[in-house]
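K.L.:
Quick one, what's the 3D model for this:
(2 chains)
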There are 2 protein chains.
Amino acid sequence: MSKATAIAPSNIAFTKYWGRKDEMLRLPENGSISMSLSDLLTTTTVEFSPDYKQDEVTVDGGGLEEDEAQRVIKHLDRVRNLAGIDTRAKVVSENNFPSGTGLSSSASGFAALTLAASKAAGLDLSEKDLSILARQGSGSACRSVPGGFVEWLDGDTSETSYAVQIFPPNHWDIIDIVAVVSENKKEVSTSVGQQSAQSSPFMEVRLSRMREKNERIKNLIADKNFEEFGQLIEAEALELHSIMLTQRPALIYWTPGTLQIMKLASHWRTKGIPVYFTINTGQDIHLICGAENATQVQAKLKELDFVKDIIVNTPGEGARLSPNHLF
Amino acid sequence: MSKATAIAPSNIAFTKYWGRKDEMLRLPENGSISMSLSDLLTTTTVEFSPDYKQDEVTVDGGGLEEDEAQRVIKHLDRVRNLAGIDTRAKVVSENNFPSGTGLSSSASGFAALTLAASKAAGLDLSEKDLSILARQGSGSACRSVPGGFVEWLDGDTSETSYAVQIFPPNHWDIIDIVAVVSENKKEVSTSVGQQSAQSSPFMEVRLSRMREKNERIKNLIADKNFEEFGQLIEAEALELHSIMLTQRPALIYWTPGTLQIMKLASHWRTKGIPVYFTINTGQDIHLICGAENATQVQAKLKELDFVKDIIVNTPGEGARLSPNHLF
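P.N.:
Model prediction:
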C-alpha cells in the first residue's frame, strides 16, 4: 500500500503540556491528562509515489507557511526512515474546525499524519509506537492517538514518552462544548511560545506540583467526581495562563470573548448549572459539563452574539484509518 | 478647630501591594512604588461635635454598606484615641471618579479622611504619622499622603511601615491616562481578596523577588528610562493578576474591555506609540506614556465605544487641606 487515509481527534487537556525538557524530541516537562474529542477531527491522506519530485502538503485546501510545511516534511522523513524508503509524498489534510485558534489542530493533524503516513509507507505500528512518533511532530499529538481518557507519560527518553488510554470513551458521559470566539490565528504559535516557558518565575513551582495534580485528576475521573474535577481543571487552566502571562515576552492568548465566557461559567454555576471551563493555548474556550446539562449550556452560548461556532464533543475514539482508506 | 476638609489623590502602584503580613495593622508583605495622581481626588469634610449622637458617614451623597461604614468609624476611633476625645463625627466625602472599580478610591478616601479627621480633632501630625495612620484604614492610603513618586516602606512594625516621597511631581513628566471600562463595583473587594493571597502557589516566589524589583524601578524612575520602566510595570501588573488568578477562589478582576486595551497597548507600541499599561485590583486600566504622547493615546481611547470615561493624570500633589477648610 502506498496511500492511506486516517482520521484523528483533537484532544482537550485537563492538565496541560507547557514546557519541554527536550526540544528536539519534544519531551514534555510534565505528564498530562486529556480526553480525545468526538467532533474535532482531522482527516489526512498520504500517498508516497516515485512520481512526486518533492513533498506536497495541502491543508484545508491551501498551502502552509514555509516553517509549517518544513515541520510536516520532517515528520514524513521520520516515517521514511522507519520504513526504509525515500519516495516523496503528497499529503492532503482537512480539519472540520478552525486551525491555529487554540483547538489543537496540530494535535489532530500530526496524529492523523502519523497514522496515514506510516500505513502508506507499509508500516504497521502499535498504538504506543504511533504515539511516540506523533509526539515528535507535535507534542500533544501523542495524546490524540488513543481514544477516551488519556494520559501522556512524560518519560525521560523518546521510547518512554507516549500516551495511553486510562479509561475508554464510555467510562464517563461528560461533554466538552467548544465556544469558538474568534477565527483569527494566534499571533504566537504554541510551539514558539513553549520555548520561553522557563522565563516565567513561576514555572519551577508549577512543575514541582504536576505529578500530584495528575494523580488527583486521574482519581477524580475514576470516581466520576464532577465537582472537584471541574474545580481542578479550571484552576489548572488559570495556572497555565498565569505562566504564559508571566513569561517574557508575555503571551496573552485570551480575547475579550474568552474572558467573558470564563466569567459567565462561574455565574452559570451560581444559577445551578454545573459547568466548568478549560482553555488550551489559544482563545477558544471549552465548557465541560455532564451530558444532562449539555443542552442548557449550548442554549446559553447561543445567546452570545460573539460566539462564532459551538462544537459539542463526547469522549471520542482515537486515531483510526478511514473506512474508505483502501483505494 | 473641630471641622476640617482635606483633599487626597488616588495613586497608581507601579509595583503592587498584595498580601499582608499583619492583617490588623495592615502591614504589607512587600514594599511598593507608586505615583500620586493629579485628577483622581477625594474631598472629605470631618466635623466632630457633641451634637452628634453617633458617627454619620456620607460618600458620594449616599450611605455606605454596614461593613464599609464600620471601617470608617474604626478609623475615626483611631483619631479620637490619639486626640483624647470621644465626640462623634459627621463625615462627608466626595470622589470625582467612580469608586470600587479599581481606581483605588479607598486609598484617596482614607488619606483624605485621615488628614481631615486629625485636623478636625486638633492634631497636627507629620506626613510620616499621617501615612502610618492612613495605612491602618486602608493599606494603600499611606501612599496617597505624599505627592509625586512615592515608596511605601513595608516595615515590620506599625511605626516603620509608611510612605515617603522619592521624587517630587515635577521630576518626570509621565502621564497616567485612566480608561474606565465599567462602572460596576468589583464582586470581591480588594480587602477581602488580599486575605487569600497566600493561597496562590506562586505567592512565595513573587515575594522573594519584590525587594530587587522595587530597587530596579526606583533606578528606572531616577534615570527616566521610560522603555524599561514601561516593560517592568506591565510585567508587574500581569504578575499581580496571575497571583489573583491562581488564588483559591480565583479572582478575575479583568473585564473584556480591560483585556482589549491590554492587547491594544502592545499593538499601539508596534505602531510607534510608547505606551504601557498597568492595572490595580479592578477592571479599570491605566495607560502610562510620556507627556508628548498623551494626546495621541487619548485619541486612540476615544475611538473605543466601550470606554466610559477617560481621566488624564500628571504626577500629583499628596493629601492637603482644602483651601476652603477653615469655616
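K.L.:
Which strand residues bridge residue A:285?
P.N.:
Legend: beta-bridge partners of residue A:285 under DSSP bridges are residue A:179, residue A:279.
K.L.:
Now do the same for it: its pLDDT.
P.N.:
Listed pLDDT for residue A:285 reads 95.
K.L.:
burial of it, as a residue count?
P.N.:
28 (other CB atoms under 10 Å in any protein chain shown). No exception for glycine: its C-beta is placed from N, CA and C like everyone else's.
K.L.:
got the residues of the stretch 201-327 of chain A near chain B?
P.N.:
A:201-202, A:204-206, A:209, A:234-235, A:238-239, A:241-243, A:245-246, A:248, A:250, A:252, A:254-257, A:259-260, A:262-263 (CB under 8 Å from any CB of the partner chain).
K.L.:
Quick check: the residue of chain A nearest chain B.
P.N.:
Here the residue of chain A nearest chain B is residue A:256; by CB to the nearest CB that distance is 3.2 Å.
K.L.:
Look up the closest residue to that residue, ignoring the ones flanking it.
P.N.:
residue B:256 (3.2 Å; CB to CB, 6 or more residues apart in numbering or on different chains).
K.L.:
Equivalent analysis for residue A:308, please.
P.N.:
residue A:180 (4.8 Å).
K.L.:
What are the buried residues along stretch A:44-55?
P.N.:
By 16 or more other CB atoms under 10 Å in any protein chain shown, the buried positions in stretch A:44-55 come out as A:44, A:45, A:46, A:47, A:48, A:55.
K.L.:
tell me the pLDDT at the residue nearest to residue A:256?
P.N.:
Value for residue B:256, per-residue pLDDT: 95.
K.L.:
In contact with it, which residues?
P.N.:
The contact partners of residue B:256, by CB atoms under 8 Å, 6 or more residues apart in numbering or on different chains, come to A:256, A:257, A:259, A:260, B:306.
K.L.:
what's the fourth one in contact with, if anything?
P.N.:
I take that to be residue A:260. Residues counted as contacts of residue A:260 (CB under 8 Å, 6+ apart) are A:304, A:306, B:256.
K.L.:
do the third one as well
P.N.:
Under the criterion of CB under 8 Å, 6+ apart, the contact list for residue A:259 reads B:252, B:254, B:255, B:256, B:259.
K.L.:
Let me know the closest of these to chain A.
P.N.:
When the contacts of residue A:259 are ranked by distance to chain A (CB to the nearest CB), residue B:256 comes first, at 3.2 Å.
K.L.:
Ramachandran angles for the residue nearest to residue A:256?
P.N.:
Main-chain torsions, residue B:256, degrees, to the nearest 10: phi -50, psi -40.
K.L.:
any chance you could map the strands in the stretch 1-150 of chain A?
P.N.:
Ranges of strands in the stretch 1-150 of chain A, per DSSP state E, counting those that start in this stretch, are A:3-13, A:20-22, A:27-28, A:32-48, A:56-59, A:89-95, A:149-153.
K.L.:
Looking at whichever strand or helix holds residue A:238 now, give me its mean pLDDT.
P.N.:
For residue A:238, the host element (DSSP states H and E) is helix A:226-245. On average, the pLDDT along helix A:226-245 is 98.
K.L.:
Please pull out the lowest mean pLDDT helix or strand from chain A.
P.N.:
Using mean pLDDT, DSSP states H and E, helix A:190-194 stands out as the lowest-scoring helix or strand of chain A, at a mean of 86.
K.L.:
shaky segments in chain A?
P.N.:
For chain A, residues meeting the criterion pLDDT under 70 lie at A:1, A:325-327.
K.L.:
And the helices in it, which stretches?
P.N.:
Per DSSP state H, chain A carries helices over the ranges A:66-83, A:105-120, A:127-137, A:190-194, A:203-223, A:226-245, A:256-270, A:294-302.
K.L.:
hey, which of those helices is tucked in deepest?
P.N.:
Mean neighbour count (mean count of other CB atoms under 10 Å in any protein chain shown) peaks for helix A:105-120 among the helices of chain A, with a mean of 29.
K.L.:
how near is the nearest residue in space to residue A:245 that is not next to it in sequence to residue A:168?
P.N.:
Excluding the flanking residues, the one nearest residue A:245 by CB to CB, 6+ apart is residue B:238, at 4.6 Å. Distance of residue B:238 to residue A:168, given as CB to CB, to the nearest Å: 41 Å.
K.L.:
Check residue A:218 too.
P.N.:
14 Å.
K.L.:
The closest residue to residue A:176 other than its chain neighbours: neighbour count?
P.N.:
Nearest non-adjacent residue to residue A:176, counting by CB to CB, 6+ apart: residue A:313, 4.3 Å away. Counted with other CB under 10 Å, the burial measure for residue A:313 works out to 24 neighbours.
K.L.:
What's the separation between residue A:313 and residue A:269?
P.N.:
21 Å.
K.L.:
Repeat that for residue A:142.
P.N.:
For residue A:142 relative to residue A:269 (CB to CB), the value is 33 Å.
K.L.:
now swap in residue A:22 and tell me
P.N.:
With distances taken as CB to CB, residue A:22 is found 40 Å from residue A:269.
K.L.:
Now do the contacts for the nearest residue to residue A:156 once chain neighbours are set aside.
P.N.:
Leaving aside its sequence neighbours, residue A:156 sits nearest to residue A:27 (CB to CB, 6+ apart; 7.2 Å). By CB under 8 Å, 6+ apart, residue A:27 lies in contact with A:20, A:21, A:154, A:155, A:156, A:157, A:158, A:161.
K.L.:
now with 10 Å?
P.N.:
Residues near residue A:27 by CB atoms under 10 Å, 6 or more residues apart in numbering or on different chains: A:20, A:21, A:135, A:136, A:139, A:154, A:155, A:156, A:157, A:158, A:160, A:161.
K.L.:
looking at those, which has the most residues close by?
P.N.:
residue A:135 (27 neighbours).
K.L.:
okay, now the residue lying closest to that one once chain neighbours are set aside: neighbour count?
P.N.:
Nearest residue to residue A:135, sequence neighbours excluded (CB to CB, 6+ apart): residue A:142, at 3.7 Å. Close neighbours of residue A:142, defined as other CB under 10 Å, add up to 34.
K.L.:
again with residue A:56
P.N.:
15.
K.L.:
Wait, it touches residue A:93, no?
P.N.:
No - counting by CB atoms under 10 Å, residue A:56 stays clear of residue A:93, with 11.4 Å between them.
K.L.:
need the contact list for the residue nearest to residue A:239 when sequence neighbours are not counted.
P.N.:
Counting by CB to CB, 6+ apart, residue B:246 is the residue found nearest to residue A:239 once chain neighbours are left out, at 5.4 Å. By CB under 10 Å, 6+ apart, the contact list for residue B:246 reads A:202, A:205-206, A:235-236, A:238-239, A:241-243, B:199-203.
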